[in-house]
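Visitor: Take this sequence and fold it.
(one chain, ligands or ions: 4)
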Amino acid sequence: MSGYNVPCRFCGKLIPKESNVCPVCGKSDPIFLRCPKCRDILKKDWFNCPSCGLSLRIKCPKCGQETFFDNVCEKCGAELKVVCPNPKCRTEQLPVSDKCIKCGKPLNI
Ligand SMILES: [Zn+2]
Ligand SMILES: [Zn+2]
Ligand SMILES: [Zn+2]
Ligand SMILES: [Zn+2]
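Guide: Ligands and ions are numbered 1, 2, ... in the order given. So this is what the prediction gives:
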């Protein structure tokens, strides 16, 4: 581990700067909000990713309301995470599209 530790934006614990998942609380993108497709850093009030055009407003699989994609729904607080049904992939991702960001298989949202 390097000495460049920064606080997780969810739990506030110091974690390695390059973390994709917080080792303490398990939330994804703990340092910056990143596009799940191109990994560009995003701002919370944006509607689309400026690099790849991905829509950043998604429908919560739990409450059905529109929310900014992040670890949890703005409206009901449910975790916005789906696992790819492809047994060879099983990538955990935000439900930003109806297809897996990695293998392209349809997600059962
Ligand atoms: Zn954390
Ligand atoms: Zn993007
Ligand atoms: Zn919700
Ligand atoms: Zn997949």
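Visitor: Poorly predicted segments of the protein, please.
Guide: Within the chain, the stretches with pLDDT under 70 are 1-3, 109.
Visitor: What parts of it come near ligand 2?
Guide: Neighbours of ligand 2 within the chain, by CB under 5 Å from the ion: 35, 37-38, 40, 49, 51-52, 54. The C-beta positions use only the backbone N, C-alpha and C, and glycine is treated the same way.
Visitor: are any of these buried, and which?
Guide: Buried members of the residues of the chain next to ligand 2, scored by 16 or more other CB atoms under 10 Å, are 35, 49, 54.
Visitor: hey, where'd the strands end up in this structure?
Guide: Ranges of strands within the chain are 5-7, 14-16, 57-59, 66-68, 82-83, 92-93, based on DSSP state E.
Visitor: returning to that earlier point: make a markdown table from the residues of the chain next to ligand 2 and add distance to ligand 3 to it.
Guide: As requested, those are arranged in a markdown table below (distance: CB to the ion, whole Å):
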| residue | distance to ligand 3 |
| --- | --- |
| 35 | 21 |
| 37 | 22 |
| 38 | 25 |
| 40 | 25 |
| 49 | 21 |
| 51 | 27 |
| 52 | 25 |
| 54 | 20 |
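Visitor: Report the contact partners of residue 78.
Guide: Counting by CB atoms under 8 Å, 6 or more residues apart in numbering, residue 78 touches 60-63, 72.
Visitor: again, only using 10 Å
Guide: Shown in contact with residue 78 (CB atoms under 10 Å, 6 or more residues apart in numbering): 60-63, 67, 72.
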